[in-house]
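# sequence first, predicted model second:
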Amino acid sequence: MASRKRVFTASLLLSLAVGLYLLLSGLQTLIDFDSATAKLARAFSSLLGADQSADQIAVAIAVFKILAGTVLIVGPLGILPFALRTLAFWIIGTLWLLILVWNFALTGHYLQPTVMTWLQDLALNLAILAALWSLKPEQPH
């Protein structure tokens with residue numbers, strides 16, 4: 001008996017959902033970064049001599065999220081070759097793990113602004129990392 005190939009699978013839905021989340025999150029960061037309020041805050045902190053490297057990191061992470069989200073959205077649709085999807089998977093997973101460690105362990109903002117907010121953000125980022133791992137491309141048959 002011939003098996004039917006499923007077009008709509010749980011992994012496709014997961015890839016689209018995580019990809020859309022990352023894409024929109026990156027876009028929102030860039031939009032908020034360019035708002036009048038954010039510009040005023042950066043100008044004020046610059047006037048006080050604050051380090052501006054966090055701004056550069058925020059923009060780099062936002063661009064990474066946009067690219068990762070785009071790859072996760074178009075990857076399962078067969079637009080990207082398997083080798084490119086596999087390479088993208090390892091790059092996205094590694095960078096997401098590094099972002100997670102940097103964001104929640106190395107920034108010095110432990111359990112800020114509250115314990116529950118910190119745990120909620122950590123849980124979301126761990127869920128994204130788990131989703132990324134479950135989307136690891138399988139060798140085509």
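Sure, I can see it.

# the lowest-mean-pLDDT helix or strand in the chain: how far from the chain's middle?
Here the helix or strand of the chain ranked lowest by mean pLDDT, DSSP states H and E is helix 36-47, holding a mean of 72. Relative to its chain's centre, helix 36-47 lies at 26 Å (CA atoms, centre = their mean, to the nearest Å).

# alpha carbons of it, in CSV - could you do that?
Output of helix 36-47 as CSV, limited to C-alpha atoms (Å, rounded to 0.1, in the frame of the first residue of the first chain):
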residue,chain,number,x,y,z
ALA,A,36,11.7,58.8,19.1
THR,A,37,11.7,57.6,22.8
ALA,A,38,14.5,55.2,22.2
LYS,A,39,16.6,57.8,20.4
LEU,A,40,16.0,60.2,23.3
ALA,A,41,17.0,57.6,25.8
ARG,A,42,20.2,56.7,23.9
ALA,A,43,21.1,60.4,23.5
PHE,A,44,20.6,61.0,27.2
SER,A,45,22.7,57.9,28.2
SER,A,46,25.4,58.9,25.7
LEU,A,47,25.5,62.4,27.3
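
# just after that helix, pick out the following helix or strand.
On the C-terminal side of helix 36-47, the closest following helix or strand by DSSP states H and E is helix 53-74.

# residues in contact with that next one?
15-16, 18-27, 29-30, 33, 42, 80, 85, 88, 92, 95-96, 99, 135 (CB atoms under 8 Å, 6 or more residues apart in numbering). No exception for glycine: its C-beta is placed from N, CA and C like everyone else's.

# buried stuff in that helix?
Neighbour counts over helix 53-74 (16 or more other CB atoms under 10 Å) mark 61-62, 64-69, 71-73 as buried.
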